[in-house]
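**Q** Turn this into a model:
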Amino acid sequence: DDVGDKMPKFEPWCGHAGGSSPNPAAKEFATPLIEGSADYLTMITECLLQSHNGIIRVFPAWPGDASFSGLISEGRVSVSASKKNGKVVEIKLRKLPGGASRIKLKSPWTGKIEEHLLSEGKEYTINGSKDIT
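**A** Residues are numbered from 1 along each chain as shown. The predicted model follows:
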């Protein structure tokens, strides 16, 4: 029970005194862990893809090269994208069953919010040109 006690700075990151169990006898069998692992995954995902208030953004906070595939945005749209040499190469969108037909995407090339119409079962590729294929 931590009530009334000061929590060591390392405890939120490593569990109780460096292990996942408060039982001192179990320490030799327990490995350190990040108790907020879901927060860590959320942080990484938010750096790759954001879709808040109806606008999809790819790589809004990812500094280097990367790619991801099949992350689901708001409106049930599967999004895949790649980034090389600090620039987004392409974005692929696929409307999932029951997903939105009209989506808004903040273009990583122009910075403007663009609207795109999606049909179910078809994958669309955007590569910085005006055309969506």
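**Q** where does this protein have low pLDDT?
**A** Residues of the chain meeting the criterion pLDDT under 70: 1-37, 129-133.
**Q** Show me where it has its helices.
**A** Secondary structure of the chain (DSSP state H): helices at 11-14, 37-48.
**Q** elements contacting the last one?
**A** To tie it back to what came earlier, the one meant is helix 37-48. Counting contacts by 3 or more C-beta pairs under 8 Å, 6 or more residues apart in numbering; DSSP states H and E, helix 37-48 is packed against strand 66-73. In short, each C-beta sits where N, CA and C put it, glycine included.
**Q** Can you get me the start-to-end distance on stretch 118-128?
**A** Taking C-alpha to C-alpha, to the nearest Å, the first and last residues of stretch 118-128 lie 17 Å apart.
**Q** cool, and stretch 48-60?
**A** End-to-end distance for stretch 48-60: 6 Å, by C-alpha to C-alpha.
**Q** now the strands for this structure?
**A** Taking DSSP state E as the test, the strands found in the chain are 49-52, 55-58, 66-73, 77-84, 87-95, 102-106, 113-117, 123-126.
**Q** nearest to residue 39, of these?
**A** Closest to residue 39 of the strands of the chain, according to C-beta to C-beta: strand 49-52, at 15.8 Å.
**Q** Looking at the strands of the chain, which one is packed in the most?
**A** Highest mean neighbour count among the strands of the chain (mean count of other C-beta atoms under 10 Å): strand 55-58, with a mean of 21.
**Q** Contacts for that one, please.
**A** Here strand 55-58 makes contact (C-beta atoms under 8 Å, 6 or more residues apart in numbering) with 48-51, 73-74, 77, 79, 81, 83, 88, 91, 103-106, 108, 113.
**Q** re the thing from before, for the strands of the chain, which one sits closest to residue 43?
**A** Among these, strand 49-52 comes nearest to residue 43, with 11.6 Å by C-beta to C-beta.
**Q** Pretty sure residue 114 is one of the things residue 107 touches, is it not?
**A** Yes. Between residue 107 and residue 114 a contact is recorded at 5.3 Å, counting by C-beta atoms under 8 Å.
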